[in-house]
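Student: just coords:
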Ligand SMILES: Cc1ncc(COP(=O)(O)O)c(C=O)c1O
């Protein structure tokens with residue numbers, strides 16, 4: 001032991017007088033490269049105690065899933081073994097932090113909201129396949145938000161490779177210090193042009209963009225009231241909460257309720273209506289035009305999150321607001337005064353889903369963007385995205401402005417899957433978008449179905465449980481891509497059919513018999529037309545949607 005420690009401190013002189021805790025804290029970063037250090041630590045019985053390490057590992061019997069961990073296992077995982085804890089006298093009555101953490105986790109297990117992460121490594125050259133913890137195993141990923149496969153697009157990857165050679169790995173600072181490069185600026189110009197606004201501003205993610213923008217606006221606008229759709233994403237909810245502005249929540253897509261709430265506040269106070277275009281867990285679409293009308297009537301500004309729509313809708317991929325005025329926007333590259341896109345005051349979007357990279361942004365008037373740039377801590381006090389990310393994202397945005405084939409194929413594959421599941425009475429939450437939420441309606445069964453897809457069929461679809469969706473509305477959220485072939489669709493449909501049968505899961509007719517759930521089997525539900533119509537998909541005169549053949553012909 002002594003000699004080991006001598007060896008370690010020779011390699012790491014700064015650790016000479018270090019405590020066990022110090023050794024432990026460096027262990028995670030260097031232990032993998034330093035055998036002596038790792039051995040010394042383990043000889044001292046200080047476990048380099050990575051909770052994630054075990055949570056992400058596969059069990060021997062299940063090469064794919066990290067998730068087959070019982071609640072007892074997890075408890076054990078989070079409790080440092082008694083024998084290894086350094087004996088430190090604590091003042092009597094001192095707060096027991098570890099017990100607190102364990103209690104919090106226990107609550108998550110009890111309400112079934114504990115999250116299990118699977119080890120899924122999407123392989124660029126085999127998209128949409130991934131390997132699991134077992135490098136040689138292959139699963140087909142059916143739940144990625146890399147909706148169009150742009151994360152493995154040769155044009156994006158080539159750009160990122162050459163940018164990293166030129167500018168290195170990191171940005172070098174905040175935008176204010178040394179992290180404001182030509183690529184950041186040109187990405188913002190590209191995004192402003194996408195939404196036909198004066199300016200855009202890039203953040204490290206759209207979570208940060210939403211949080212920073214709403215909290216700054218809500219704080220700065222005097223007496224501001226924020227109206228928020230009840231299904232809004234956590235990033236908007238947090239932004240509104242951080243602003244401490246008065247908040248009024250309207251029922252999802254309920255315009256009468258929104259109007260009542262707008263009428264209930266002082267006509268002169270500043271108001272923001274915050275909503276989404278595509279709601280990612282239900283696939284429903286926000287009532288953009290109606291909300292613009294109400295905003296005009298009551299002197300509010302509109303804040304539209306197009307995170308799940310950018311790259312996916314509209315002739316140039318600007319989102320649903322652009323899609324709704326298809327002809328007008330397709331025929332000109334100029335700002336279309338009075339169009340729906342023009343009427344939205346603030347757009348937010350992500351570079352991490354259909355654009356395949358990472359980052360988020362806002363777009364709007366020059367003064368609005370400059371104000372957020374000048375005041376939002378979430379923009380100012382953080383390292384900017386690396387130039388390689390800015391370059392890759394810009395390439396993806398530019399590419400998808402020009403090419404509509406990826407979004408068209410994605411929509412065709414979505415239609416195919418929805419129609420196959422409808423034929424089998426497997427319940428899909430009705431919606432007009434690219435999301436295929438398959439209703440299970442029970443947390444344990446939903447997880448079981450997801451596990452069975454992975455272990456028995458090599459298909460990865462994460463289950464979506466509370467709190468992401470309400471209790472009783474648990475679902476498998478499936479996202480077809482242009483890379484999913486007809487053969488893959490067949491396999492998925494067969495797997496779901498068998499899983500539904502094996503586990504006695506409810507069909508549409510069963511939901512209908514109990515009055516319906518989450519829009520499935522509801523008697524009053526109207527037929528929903530997909531937002532991409534037949535003409536836009538080039539389907540006029542063709543009866544059935546077709547999936548791509550075994551080899552995807554998309555030039556990604
Ligand atoms: C509606 C919505 N807004 C914002 C975000 C955050 O985007 P990002 O992943 O870029 O942080 C998400 C993430 O899934 C989202 O669903």
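Tutor: In hand now; what should we look at? Just so it is clear, the structure is predicted and the values come from calculations on it, not from any experiment.
Student: residue ranges of the helices in the stretch 451-556 of the chain, please?
Tutor: 486-503, 508-513, 534-537 (DSSP state H, counting those that start in this stretch).
Student: the ligand: which of the ones you listed is closest?
Tutor: With CB to the nearest ligand atom as the criterion, the ligand lies closest to helix 486-503 of the helices of the stretch 451-556 of the chain, at 22.6 Å. From N, CA and C alone the C-beta is placed, and that goes for glycine too.
Student: for that closest one, give the mean pLDDT please.
Tutor: Per-region confidence: helix 486-503 scores 98 on mean pLDDT.
Student: quick one: distance of stretch 171-178 to the chain centre.
Tutor: Distance of stretch 171-178 from the chain centroid (CA atoms, centre = their mean, to the nearest Å) equals 26 Å.
Student: correction: stretch 446-462
Tutor: 20 Å.
Student: next one: stretch 297-311
Tutor: Using CA atoms, centre = their mean, the mean C-alpha position of stretch 297-311 is found 18 Å from that of the whole chain.
Student: buried residues in that stretch?
Tutor: 298, 300-311 (16 or more other CB atoms under 10 Å).
Student: and the ligand, is that stretch touching that?
Tutor: Yes. Stretch 297-311 is in contact with the ligand by CB under 6 Å from any ligand atom, via 305, 307.
Student: what's the farthest-apart pair in the buried residues of stretch 297-311?
Tutor: Using CB to CB, the buried residues of stretch 297-311 span at most 31.8 Å, a distance reached by 298 and 311.
Student: before we move on, the earlier item: next, format the helices of the stretch 451-556 of the chain as a markdown table and append distance to the ligand and mean neighbour count.
Tutor: As requested, the helices of the stretch 451-556 of the chain are exported to a markdown table (distance: least, CB to the nearest ligand atom, whole Å; neighbours: other CB atoms under 10 Å):
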| stretch | distance to the ligand | mean neighbour count |
| --- | --- | --- |
| helix 486-503 | 23 | 17 |
| helix 508-513 | 26 | 16 |
| helix 534-537 | 23 | 15 |
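Student: burial count for the nearest residue to residue 108 once chain neighbours are set aside?
Tutor: With sequence-adjacent residues excluded and distances taken as CB to CB, 6 or more residues apart in numbering, residue 108 is closest to residue 114, at 4.0 Å. Residue 114 has 16 neighbours, counted by other CB atoms under 10 Å.
Student: next, count neighbours for the residue lying closest to residue 439 once chain neighbours are set aside.
Tutor: Spatial nearest neighbour of residue 439, chain neighbours left out: residue 427 (4.3 Å); criterion: CB to CB, 6+ apart. By the criterion of other CB under 10 Å, residue 427 has 29 neighbours.
Student: do residue 213 as well
Tutor: For residue 213, using other CB under 10 Å, the count is 32.
Student: unless I'm mixing things up, it is touching residue 345, no?
Tutor: No. Shown here, residue 213 and residue 345 do not form a contact pair, counting by CB atoms under 8 Å, at 11.3 Å.
Student: who touches both of the two?
Tutor: Common contacts of residue 213 and residue 345, defined by CB atoms under 8 Å, 6 or more residues apart in numbering, comprise residue 303.
Student: check contacts around residue 517.
Tutor: Listed by CB under 8 Å, 6+ apart, the contact set of residue 517 reads 439, 441, 472-473, 511.
Student: ditto for residue 471
Tutor: residue 443.
Student: what's the pLDDT at it?
Tutor: For residue 471, pLDDT reads 94.
Student: which one of the buried residues of stretch 297-311 is nearest to residue 503?
Tutor: Distances from residue 503 to the buried residues of stretch 297-311, taken by CB to CB, are shortest for residue 308, at 29.1 Å.
Student: which stretch of helix or strand covers that closest one?
Tutor: If you go by DSSP states H and E, residue 308 is not part of any helix or strand.
Student: wait, the residue nearest to residue 108 touches residue 105, no?
Tutor: Yes. Using CB under 8 Å, residue 114 is in contact with residue 105, at 7.0 Å.
Student: enumerate the residues of this protein near the ligand.
Tutor: Taking CB under 6 Å from any ligand atom, the part of the chain that reaches the ligand is made up of 205-207, 210, 233, 235, 276, 280, 305, 307, 350, 352, 360.
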